[in-house]
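Asker: Pasting a predicted model and its sequence here:
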Amino acid sequence: PITDLGFSPDGRSLFTSSLDGTIRVWDIPTNTCIDWLKFQTPPTALSLSPTGEFLATTHKGKLGISLWSDRSFYQTVHVDGANPPTVPAPIAEDGYESDDEQKQTGVAQVSKASDLDKKEDENESKVVSPFEDGLITLSGLPPAHWKNLFHLELVKERNKPKEPPKKPPTAPFFLQFRSGESMSNDLPVEEKTEKNEKQDASAADEEEWDAAWSDEDDNDDSKAALRSDDTGKKRSKDLVDQESDDSGALVPVEKGLLVTQPKRKKIVHHRSHLAALLAECEHKTGSPRFQAVTDHVASLGPSGIDVALSTLCNGMHDLEEGLPLLRLTSLWLLEACQSRERYEAINAYLHRFLHIHSNVIAGIDDSTKKDTASPPSPELLEEEKNEQNQQHEQRLELLETIEKLSEVQRAASDTLRSKMQNSLCLLRHFSRMV
């Protein structure tokens, strides 16, 4: 007999618990069992969290509440109902197994989890490609990858410490005695010999330094220094001046002439790996220029995506280096939205990008309007004028890209909304016919 049942928040899954010690998960659209769990003690009640991420169960003869996490929120789990489970998966419970049984079940679960991870990695490596150009496709990534981007502020607020860190208490005056350790400070014979050898070596070094810094042979040292200066002057007159290049080889230089050596290439240090990929993909040719950027961001977690997008520009005072990165990021998001691939993940990236840099983009819009209204001062040099014109062009390009991005995103969302509304109307009509 069934002891309890519950629906998932989206209404797609049904969880049932029975006295035979099992919990079954049913997929309502396909009317099939997609998961089958076996416990040693029969579950008496179950309850799902509002997000469907956790399942709480109570068991017969057990006082505590067991909490289980859904793997589909962190990994890609394909549910099609084609291969329903035929054997229940055993679940180990704390306090009901001996040590040998726990070891055996632990090894079996680890081997099974490793096999599942390998299969999931193979499935995740396959990127979903549309059948035709222009179709909207999903990324197939776990929901936690892109859903948590909308609630990062709430997560940060919850993770803040409630109390300031406390200073650890000082050690007591009388330390606790431990068995097997000697209370005396006597060292073993081997440590004593090593200590004496180190002291002798340090004493010998001190004597050498004292001899080197003594004032007894000052006269002899001054005479030797004068002789070395005279010989150096004679050699400098006879030899040709030489200089060393970057490779370390000596190059002869004629008197009265200056030979310029080739300058070394400057090493460019990017702010993050995302900034390096954006700069690298800018000079590529072809339709998917920023495909490497999309793949890299898809491999990061929510906090990693937030850090990568936040380091692009630190405010209006950082436009000299941050403005080109903002322009490249907007071009990447525009290309990704136009392709309509990985729709939900790209929209989450776009939401996070605008949430972080909305004030900077608004400030750039206001400054460009002021610059266009006021003519440039004639006192500026040509180099300064060129820099201002280049920065002004980058600002205009950024604003134009943001406008195009808004239009493309709105067109894709309207198309998806109309298709979903049409499908819901057809389902409601067919359900009423039955």
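Answerer: Arrived safely.
Asker: Please make it C-alpha for all contacts and neighbour counts, starting now.
Answerer: Noted.
Asker: Residue 299 and residue 396, how far apart?
Answerer: The gap separating residue 299 from residue 396 is 32 Å, by CA to CA, to the nearest Å.
Asker: my bad, residue 324
Answerer: Separation of residue 324 from residue 396 (CA to CA) stands at 12 Å.
Asker: out of these two, which sits in the more crowded spot?
Answerer: Neighbour comparison, residue 324 and residue 396: the larger count goes to residue 324, with 20 against 16 (by other CA atoms under 10 Å).
Asker: what bits of this structure have low per-residue confidence?
Answerer: 75-82, 93-128, 168, 170-198, 204-268, 372-381, 434 (pLDDT under 70).
Asker: host element of the residue nearest to residue 348 when sequence neighbours are not counted?
Answerer: With sequence-adjacent residues excluded and distances taken as CA to CA, 6 or more residues apart in numbering, residue 348 is closest to residue 146, at 5.8 Å. Assigned by DSSP states H and E, residue 146 belongs to helix 143-147.
Asker: Buried residues in that helix, which are they?
Answerer: Buried residues in helix 143-147, counted by 16 or more other CA atoms under 10 Å: 143, 145-146.
Asker: nearest to residue 392, of the residues you listed?
Answerer: Using CA to CA, residue 146 is the member of these that lies nearest residue 392, at 34.1 Å.
Asker: circling back to that earlier point, please verify my assumption that the residue nearest to residue 348 contacts residue 345.
Answerer: Yes: the criterion here is CA atoms under 8 Å, and residue 146 meets it with residue 345 at 5.6 Å.
Asker: Give me the helices and strands touching the longest helix along the chain, please.
Answerer: Longest helix in the chain by number of residues (criterion: DSSP state H): helix 382-433. Applying 3 or more CA pairs under 8 Å, 6 or more residues apart in numbering; DSSP states H and E, one finds that helix 382-433 contacts helix 319-339, helix 343-373.
Asker: Point out the most buried one among those.
Answerer: helix 319-339 (a mean of 20; mean count of other CA atoms under 10 Å).
Asker: counting contacts, what elements does the strand or helix carrying residue 280 pack onto?
Answerer: Using DSSP H and E, residue 280 sits in helix 273-281. The contact analysis (3+ CA pairs under 8 Å, 6+ apart) places helix 273-281 against helix 291-298, helix 319-339.
Asker: Take those helices and write them to CSV, including distance to residue 31.
Answerer: Listed next are the helices and strands packed on helix 273-281 as CSV, based on distance: least, CA to CA, whole Å:
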stretch, distance to residue 31
helix 291-298, 33
helix 319-339, 35
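Asker: which one of these lies closest to residue 60?
Answerer: That would be helix 291-298 among the helices and strands packed on helix 273-281, by CA to CA, at 43.4 Å.
Asker: relative to helix 273-281, how tilted is the closest one?
Answerer: Computed by axes from the mean of the first three to the mean of the last three CA atoms, to 10 degrees, the angle separating helix 291-298 from helix 273-281 equals 170 degrees.
Asker: List the buried residues for helix 291-298?
Answerer: For helix 291-298, the neighbour count (16+ other CA under 10 Å) marks 293-294, 297-298 as buried.
Asker: List the contacts of that helix.
Answerer: Helix 291-298 is contacted from outside by 274, 277-278, 281, 305, 332, 336, using CA atoms under 8 Å, 6 or more residues apart in numbering.
Asker: swap the cut-off to 10 Å and go again
Answerer: Residues from elsewhere that reach helix 291-298 (CA atoms under 10 Å, 6 or more residues apart in numbering): 127, 139, 141, 145-146, 273-278, 280-281, 304-305, 308-309, 329, 332-333, 335-336, 342, 345-346, 349.
Asker: what does stretch 427-434 give?
Answerer: Stretch 427-434 is contacted from outside by 421, 423-426, using CA under 10 Å, 6+ apart.
Asker: Show me which of the residues you listed are buried.
Answerer: For the contacts of stretch 427-434, buried by 16+ other CA under 10 Å: none.
Asker: In CSV, list these along with distance to residue 30.
Answerer: Putting these into CSV (distance: CA to CA, whole Å) gives the following:
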residue, distance to residue 30
421, 21
423, 17
424, 17
425, 20
426, 18
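Asker: any idea which of those is the one closest to residue 56?
Answerer: Of all the contacts of stretch 427-434, residue 424 has the smallest distance to residue 56: 32.5 Å, by CA to CA.
Asker: Report the contact partners of that closest one.
Answerer: Residue 424 neighbours (CA under 10 Å, 6+ apart): 418, 430.
Asker: ok, now how distant is it from residue 39?
Answerer: To residue 39, residue 424 is 39 Å away according to CA to CA.
Asker: so residue 46 sits in a strand?
Answerer: Yes: assigned with DSSP: H, G, I helix; E, B strand; the rest coil, residue 46 falls within a strand.
Asker: just checking, it touches residue 22?
Answerer: No: at 11.7 Å, residue 46 and residue 22 do not qualify as touching, with contact defined as CA atoms under 10 Å.
Asker: any shared contact partners between these two?
Answerer: Joint contacts of residue 46 and residue 22 (CA under 10 Å, 6+ apart) are residue 16.
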